[in-house]
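Colleague: build me a model from this:
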Amino acid sequence: MIEVLKGDITKIAVDAIVNAANTSLLGGGGVDGAIHRAGGSAILEECRKIRNRQGGCKVGEAVITTAGKLPAKFVIHAVGPVWTNGHSNEEHLLSSAYLNSLLLAADHSVRTIAFPNISTGIYRFPKEKAAEIAVRTVRGFLAENREIARVVFVCFDDENYALYAGLI
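Modeller: Next up is the predicted model:
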């Protein structure tokens, strides 16, 4: 089951929320900063441990931490690509960020997961193209895997909400 909500991903009660992280895993602006602020220091502490162990998180990949003070159990930190006019494999990397998040969720017995609109803020990925990639990737995963029962796309703005609602 796939649904779309307009709201604040830090307030969604699901097993895991996905963070649109950067490669450093140390927080940033947008949804990344909001998740770190709302979840508290436990998230950053685990991100630092991951960073010390593996040097951060590559574009298109994902790692998992506690959700700290958030209503979710886990935060999956997915690193989407910066848009460079489609010349650097951005579409594949964005799809990989969604797919690797779903695989990690399934490995941790996550049944419900909420995604933000990865890469569409300061990374400038075209919103319509990003929405199509996100929905296509999630549908493809759900067609072959039954571990995850509910996927929620949480849109912070009206434009993304309209795009996702039109695709679901």
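
Colleague: which helix or strand contains the most centrally placed residue in the chain?
Modeller: The centroid of the chain falls nearest to residue 18 when counting by CA atoms, centre = their mean (3.4 Å). Using DSSP states H and E, residue 18 maps to strand 16-21.

Colleague: mind checking how far that strand is from the chain centre?
Modeller: On the basis of CA atoms, centre = their mean, to the nearest Å, strand 16-21 sits 4 Å off its chain's mean C-alpha point.

Colleague: check which helices and strands that strand sits against.
Modeller: helix 30-39, strand 74-79, strand 112-115 (3 or more CB pairs under 8 Å, 6 or more residues apart in numbering; DSSP states H and E). For the C-beta atoms, the positions are set from N, CA and C on the backbone; glycine is no exception.

Colleague: okay if I get these as CSV plus mean pLDDT and mean neighbour count?
Modeller: Formatted as CSV, the helices and strands packed on strand 16-21 follow (pLDDT from 0 to 100; neighbours: other CB atoms under 10 Å):
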stretch, mean pLDDT, mean neighbour count
helix 30-39, 93, 19
strand 74-79, 98, 27
strand 112-115, 98, 24
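
Colleague: between those, which one is closest to residue 7.
Modeller: Proximity to residue 7 (CB to CB) singles out strand 112-115 among the helices and strands packed on strand 16-21, at 9.7 Å.

Colleague: cool, thanks, talk later.
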